[in-house]
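Visitor: Next comes the sequence, and after it the predicted model I'd like to discuss.
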Amino acid sequence: MGKIVLEIEEFAKTYSEYKTFDQDCIRIGRGFDNDLIINDPFVGASHLSLKFTEGAWGCENNRSLNGTFISSPHGSAAKVKVDAACPVHSGDTLFLGKTTIHVWDINHPVAPEQALEASSSLTFDGRKTTLNLFYNLGVFGFVYFLYLSQWYWKSHSTFVETLATTCMVLFCLVIWSAFWALITRFTKRQHRFLGHLLFSFQWAVISLAISFVLKYIFFFICNDGFDYVASLVAFGLFSVFVLNNHLNIATNLSSVKRNMVSGTIAISIILLSVLGYYATHNEFSPKPHHYVRLAPVAKKFIPAIPIKEEIKRLNSIF
Amino acid sequence: MNKLVLLLFISFLPFRLAHAGELSTAAEVLFKKYSPAIYQVQSISIQSNKKYSIGSGFQISQKGYIVTNYHVVSDAVMFPNSFHIQTIQSDGKEQSAQIITFDVVHDLAIIKIKAPQAIELPLGSSEISKGKKLYSIGNPEDVGMMIIEGESNGYMDKALYKKVLTSLPLNPGMSGGPTLGEDGKVVGINVMTAGNSLSFLVPVECLKDLWKKSKAGHFKPIGNFADQVQKQLISQEKDYFTKVIKQKWEKQPFGRFVVPSTISNEITCWGEPRDNPEYWIESPYLQCEIKDDLFISSSVRAHTVLFNYSWDKSKSYNPFRFYTLTDEALKKSYRFDLDKIYERDAENFQCRTDIVRIASNPFWVSTCARKLKQLTRLYDINVRMASLGSMNTMLMVELTLGAITKDTSKAFLEKFYKELEWVK
């Protein structure tokens, strides 16, 4: 008889569960007759068996729609599909639907114990994730603070004001994640707040960079006025991506359905903005700066034209 | 024009106290003799049937021709469907008037009434020596007909259009009223004031020219008013701007550039040392403008020329932050003067932005133009430029041209760009 530990990671759950088995055959699946029951709609009712024969563990794939994949740190570490049967070693990872299972021998070595003073209060169960969260929070906060203080912050603002604005943005992300956690609570009976928050932080950093690049790309490729439409399209694509990922954590919808939901939301927002634009763009303003778009940094990309050429081009505004 | 106040009294202006000078016996005689030939000229809003603005006028022919300022009747000229002109005699009799002709450039108009008085004012000459007594009759602020006294002070310096300078305490509502010499002949027509006893008259010679032209046309009322305004403006523009563009421009060093300043005699410049310790170490400011822009209607001005410069030197910010501040400064610090315009007057601005090589520096140049709705060949132009060559200094320029043709504005801009110089 072989003793084995299975570490189960459900999708976007911010901590793992450990279960020890002391038997020769472990049946894994969604059905209630299994030894390990997994609540994942992408896992088969009787998905997989782990069997102990001749002093070694092996894995047998039963008939399941999505199949099982294995990745072994001893071998190529790439995900390999399990066809019928294959050996399983301590440290291997199995992928079933959206669930991940790490297989550990009970004698698998663990990292040495850390001294209490050296570690922070974060070293409770699931320490990896929590550290990850604070790390992400710190990175985003720092990037945003730099962005405000060195680059974008327009008025003359003090250190405290800039810091307060950064905190406000972080707080907005917390509220946003809480909203999604509430939805997840209804759909999966688990809030998965930290999962949403992590995802939000990562995307906030990326979107900051994207928005900054887009501002200048649009000025470069589009002339006055068109950048409004272009930024709407970019916003649409981005929101499809973000909504899609939040839905992925919060629901068990298939990717087609998620795309439909997030696409519909994004397109509605874009349509409303376009309607708003057309409802107001004819508005008369006696001030020229109402109609001017500018981005001085774009001069890096645009070669200066001679005066004669500029005078010729002015025909387009008369 | 912003430092001068036209003597047009628009009904929603707050009431201000008028004061009359001490009257001499000569004034008494003149008032008795000529006040029946002085009228109050009202611009009546057709919708509400009440006066929108008031001025004065005087009869120069017993056939009923009355002289007033163009700006008094401008609403009826530009919006004939919304306003008509009405005159009130000193005895209170009202009658409607027809516009015969006008001169936008010299701010004169001739209107006609059907039942005139049997009296006319003789025209004299504006060539009178400084210190001679002048008398003006009119109805200031709608309080009643009165006569005031002052001295002639010759012609105004730096005026694009000849004007007589007087010490008459003119008040709004006296626009278009006559100013008489001691001999009782008209010297000029009241047009505007710059405050305490500093007033300007249109020389009577301009009126004589207009009268001669009108007489040659048998006093036939001119056709489409707006077209006529446009024609007069374009002909004046040809005279003035062609001359300005051809002549040598006076320049002065400003920051690391040499910039055009008093490009013609009529342009005055003002300087300002400015410090904005939040962003900049220094940012001196220079503004040049033409004082004599032309009044077209209560919201539209023509032949405005206004340009200003600021040389901004930043604190030791990194280049990104410097550009963000530049961006903000460019967006916020517009000094565009022609923004009292309504949708009835002009279309929306059309803008374009280019990076242009001017004075061996890349300049961000944003040019905006809007077409005037009544004067379809004329445009208001606003140009914003900023030098992008340096990481911590920037020359910002704003140039405004009011009601000007496309070709003239392009020629002016080309000359302006070429005149900017970089000091190595």
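Guide: Thanks, I have the structure now. Being a predicted model, the structure only gives us computed values, none of them experimental. Residues are numbered from 1 along each chain as shown, chains lettered A, B, ... in the order given.
Visitor: pretty sure residue B:33 is in a helix, no?
Guide: Yes - under DSSP: H, G, I helix; E, B strand; the rest coil, residue B:33 sits within a helix.
Visitor: Outside of stretch A:79-88 itself, which residues are in contact with it?
Guide: A:48, A:50, A:56-61, A:67-71, A:94-95, A:103 (C-beta atoms under 8 Å, 6 or more residues apart in numbering or on different chains). To be clear about C-beta, it is placed using only N, CA and C from the backbone, and glycine gets the same treatment.
Visitor: What residues are bridge-paired with residue B:101?
Guide: residue B:110 (DSSP bridges).
Visitor: Am I right that it is in contact with residue B:109?
Guide: Yes - contact criterion C-beta atoms under 8 Å: residue B:101 and residue B:109 qualify, at 7.2 Å.
Visitor: And chain B, is the helix or strand of chain A with the lowest mean pLDDT touching that?
Guide: Taking mean pLDDT, DSSP states H and E as the measure, chain A has helix A:127-146 as its least confident helix or strand, at a mean of 73. No - using C-beta under 8 Å from any C-beta of the partner chain, helix A:127-146 stays clear of chain B, coming no nearer than 10.3 Å.
Visitor: and that helix, how far from the chain's centre?
Guide: 14 Å (C-alpha atoms, centre = their mean, to the nearest Å).
Visitor: what's the answer for stretch B:387-403, then?
Guide: Counting by C-alpha atoms, centre = their mean, stretch B:387-403 comes out at 26 Å from the chain centroid.
Visitor: In the stretch 1-150 of chain A, mark out all the strands, start to finish.
Guide: Using DSSP state E, counting those that start in this stretch, the strands of the stretch 1-150 of chain A run over A:3-9, A:17-22, A:25-29, A:36-37, A:48-53, A:56-61, A:68-71, A:80-81, A:85-88, A:93-96, A:99-105.
Visitor: what sits up against the third one?
Guide: Surrounding strand A:25-29, the residues in contact under the criterion C-beta under 8 Å, 6+ apart are A:4, A:6, A:33-38, A:43-52, A:62, A:64, A:96, A:101.
Visitor: Now list the buried members of these.
Guide: A:4, A:6, A:34, A:36, A:38, A:43-44, A:46-52, A:64, A:96, A:101 (16 or more other C-beta atoms under 10 Å in any protein chain shown).
Visitor: Okay, and the residue nearest to residue B:304 when sequence neighbours are not counted sits in which element?
Guide: Once flanking residues are discounted, residue B:304 sits nearest to residue B:402: 3.0 Å by C-beta to C-beta, 6 or more residues apart in numbering or on different chains. Element membership of residue B:402, judged by DSSP states H and E, is strand B:393-405.
Visitor: can you give me the offset of that strand from its chain's centre?
Guide: Distance of strand B:393-405 from the chain centroid (C-alpha atoms, centre = their mean) equals 19 Å.
Visitor: now the angle between strand B:393-405 and the next helix or strand after it, please.
Guide: Using DSSP H and E, the helix or strand that follows strand B:393-405 towards the C-terminus is helix B:406-419. Using axes from the mean of the first three to the mean of the last three C-alpha atoms, to 10 degrees, the inter-axis angle of helix B:406-419 relative to strand B:393-405 is 160 degrees.
Visitor: Give me the residue ranges of the stretch 101-250 of chain A where confidence is low.
Guide: Scanning the stretch 101-250 of chain A for pLDDT under 70 picks out A:116-132, A:150-157, A:214-231.
Visitor: I appreciate the help and will end here.
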